[in-house]
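[1] No letters, just coordinates:
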């Protein structure tokens, strides 16, 4: 089984809780908080580990919150290489309002990374010996937007496959450098195409234009409740997820990326990988707060999806 390495420049601790109802200027009685590792690449590694894959998470960690992040990953048994940095790891807050069933997500900015720190993270990836490298999530202050483009060159020089899940200028520069697989949502695909809005009917045309520029081998577009669409030069595949009771969307996209890449690492074709990825992403929405996909839910949903064909 191929080793899958993830890199997260802006990791966090996700703290989730519940309140009866949100109200201004009042002290709100919250449930006991749940602390979990967070950040795109970390979530991908956590799901891959849960599903029995061989993964390594690379990320910066600092301060008391950074120590807690390491402890949480150790408790889950996720293999990782953490780089000790000057500034503390950020914390996010997720609040579920019982009165409405609505979820509120408060994302804090990441503390700056020094140049020497993010460069050391690149060196860790350079020497990781992976077959697949996944760069996912946002960038904190101090990290240049071309960092994913630099990673693309490093990963290609190692003969590995590079998967990117980010947004904004960092996504555009990664595309220009060339990657194996992109995972934009519709908004991010619109940005890549230089358009304000892209409808479902335009996805294939835009994706094939990007692929035709030799920017990537495949593009997987997440479509929310409509599932996901995977486009290559030769084919276009869409997988619609089974209907489930959705409790939270936190980590659903990361779970989908984890399922797709894990499936590819096991020698599956793109269609099967997309089906497994959609099962993983859907499974994540069935859990409250920041809890990710459960293996038993993934396997059940995957069986349903395979039966739909």
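    Done, it's in. If you're wondering where the values come from, they're calculated on a predicted model, not measured in any experiment.
[2] quick one: contacts for residue 244?
    282, 285-286, 301 (Cβ atoms under 8 Å, 6 or more residues apart in numbering). C-beta: built from backbone N, CA, C; applies to glycine.
[3] So which of those are in helices?
    Mapping these onto helices (DSSP state H) picks out 282, 285, 301.
[4] Excluding residues flanking it in the chain, which one is nearest the last one?
    The one in question is residue 301. residue 279 (4.1 Å; Cβ to Cβ, 6 or more residues apart in numbering).
[5] I believe that neighbour is in a strand; please confirm or correct that.
    No - Residue 279 is assigned helix when assessed by DSSP: H, G, I helix; E, B strand; the rest coil, not a strand.
[6] shouldn't it be in contact with residue 262?
    No - Residue 279 lies out of contact with residue 262 (Cβ atoms under 8 Å); the separation is 11.3 Å.
[7] which strands and helices sit next to the helix or strand of the chain with the lowest mean pLDDT?
    Least confident element among the helices and strands of the chain, by mean pLDDT, DSSP states H and E: helix 186-193 (a mean of 85). Judged by 3 or more Cβ pairs under 8 Å, 6 or more residues apart in numbering; DSSP states H and E, the packing partners of helix 186-193 are helix 168-177, helix 203-212, strand 218-222.
[8] sorry, back to before: so what's the residue nearest to residue 301 up against?
    241, 259, 298-299, 301-302, 305.
[9] all helices for the stretch 51-200 of the chain, in order.
    Ranges of helices within the stretch 51-200 of the chain are 63-76, 115-126, 147-157, 168-177, 186-193, based on DSSP state H, counting those that start in this stretch.
[10] and the second one, average pLDDT?
    Think helix 115-126. Taken as a whole, helix 115-126 has an average pLDDT of 96.
[11] which secondary structure elements does that helix contact?
    strand 4-7, strand 55-61, strand 80-84, helix 147-157.
[12] Check which helices and strands the third one sits against.
    It refers to strand 80-84. Using 3+ Cβ pairs under 8 Å, 6+ apart, strand 80-84 sits against strand 55-61, helix 63-76, helix 115-126.
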